[in-house]
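Asker: Build the 3D model from these lines:
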Amino acid sequence: METADFTLAQLGWSSFFSKQVCREESRNCRPVRVMSVHRGMVTVSGEGVEESISSSLPGHRGAEGRPTVGDWLLVDRNTPRLVRILDRRSLFKRPAPGDERRVQLIAANVDTLFIVTSCDQDFNVARLERYLVLTNELGVRPVVVLTKADLSPAPGSMVDAARALQSQLRVELVDGRDRTSAACLAGYCGFGETVALVGSSGVGKSTLVNTLKGSDSIATQAVREDDGKGRHTTTVREMHRIAGGAEGGGWLVDTPGIRELQMSDVASGVTELFDDLTAVTLECRFANCTHGGEPGCAVHTAMAEGDLDPARFERWRKLAQENAENSGAAAVRRSRLGRAGHKE
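Answerer: Now for the predicted structure:
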């Protein structure tokens, strides 16, 4: 079934997007969704539409003014011209590797994030927490997906460790090669919904996508035995249809592996993930306590009494500090871009 055969609702269209379109735009434009991104071009789909168009939007500055996979666009009905990008329900982004002045868009309008990690040396609590901070900030549902259980003598302990990170966090242990084992994940991607997959290279994301799609169209690669790492198999961000009935199934967004994320403008996400620790800080004698040894520090008292894990406190401190530093730098970049745009 070609994507042009799907209705807008099947593609993920909802009242959130339709309310943004005025009557004149409805007459002159058609809504389409970005299915994949290539250099300078995007592949889009709508009712009776499947084509590649230029991703350029004249007069708009900044990375967020360009479409990314999952975006909803308005395109001129008479020409393949991009008119505008509709407001996003969610947007995953990061500083571009090698150039902190630029922003790299990862995926838009995601409902659920599959945080994929394998049951070997890739399992890392600090990395999982970073992804959870982002999902909390964006209002996206997180699901931790543990793969390659055969690589650990006690995969159940990793399931317990992941579940302990956040209240009511869903954690699924699956064999990414087995459709029956992975069937539990299809329930997170219902009619018109979109799921993104993130995680290090070599953890089995592409294998999992192939299983959920019901095909082997995406290449997979083995990991190195010495460190358990693999090469990035996915090089293009694109959406894939979940295997299932004509009305069921949503969409999967496969993204290139991201080994490190930088926290920026995610203060509420950090607070939500570490809500127990945040509550302890409110009991400190001084409102500006840095928890570095000041008198009356409730955090250090809780750690000394065994009520607070020092390792968890240290991870919280690093994330909060990183967010503060990166948020300040991001504000400076936005200010500079704003002044440059104003001059022109």
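Asker: Only C-alpha atoms from now on, for both contacts and neighbour counts.
Answerer: OK.
Asker: hey, where'd the strands end up in the protein?
Answerer: 29-38, 41-46, 49-54, 72-76, 82-85, 91-96, 99-108, 112-118, 141-147, 170-173, 194-198, 238-241, 251-254 (DSSP state E).
Asker: okay, now D87: neighbour count?
Answerer: The tally of other residues near D87 (other Cα atoms under 10 Å) stands at 15.
Asker: give the contact list for the closest residue to P67 other than its chain neighbours.
Answerer: In this structure, P67 finds its nearest non-sequential neighbour in S55, 6.3 Å apart by Cα to Cα, 6 or more residues apart in numbering. When contacts are counted by Cα atoms under 8 Å, 6 or more residues apart in numbering, S55 touches 40-42, 66-67, 82.
Asker: Most neighbours out of the residues you listed, which is it?
Answerer: Among those, P67 has the most neighbours (other Cα under 10 Å), with 27 neighbours.
Asker: doesn't R84 make contact with that one?
Answerer: No: P67 is beyond contact range of R84, at 9.1 Å (criterion: Cα atoms under 8 Å).
Asker: got any residues that touch both of the two?
Answerer: What both P67 and R84 touch, as defined by Cα under 8 Å, 6+ apart, is the set L73.
Asker: Okay, helices next: where are they in the stretch 201-344 of the chain?
Answerer: With DSSP state H, counting those that start in this stretch, the ranges of helices along the stretch 201-344 of the chain come out as 205-213, 267-273, 275-281, 298-304, 310-343.
Asker: Show me the shaky parts of this structure.
Answerer: Along the chain, segments meeting pLDDT under 70 span 1-4, 60-61, 96-101, 215-236, 243-248, 256-264, 328-344.
Asker: residue furthest from the geometric center of it?
Answerer: Centroid-distance maximum for the chain: P295 at 40.2 Å, with Cα atoms, centre = their mean.
Asker: what sits against the residue lying closest to it once chain neighbours are set aside?
Answerer: Spatial nearest neighbour of P295, excluding adjacent residues (Cα to Cα, 6+ apart): R285 at 7.4 Å. For R285, the contacting residues are 295-298, by Cα under 8 Å, 6+ apart.
Asker: Out of these, which comes closest to V195?
Answerer: Nearest to V195 out of these is A298 (Cα to Cα; 39.8 Å).
Asker: got the contact list for L165?
Answerer: Shown in contact with L165 (Cα under 8 Å, 6+ apart): 129, 273.
Asker: And it, how close does it get to L73?
Answerer: 37 Å (Cα to Cα, to the nearest Å).
Asker: Equivalent analysis for H291, please.
Answerer: Applying Cα to Cα, the value for H291 to L73 is 47 Å.
Asker: Between those two, point out the one with more neighbours.
Answerer: With neighbours defined as other Cα under 10 Å, H291 and L73 compare such that L73 has more, 23 against 17.
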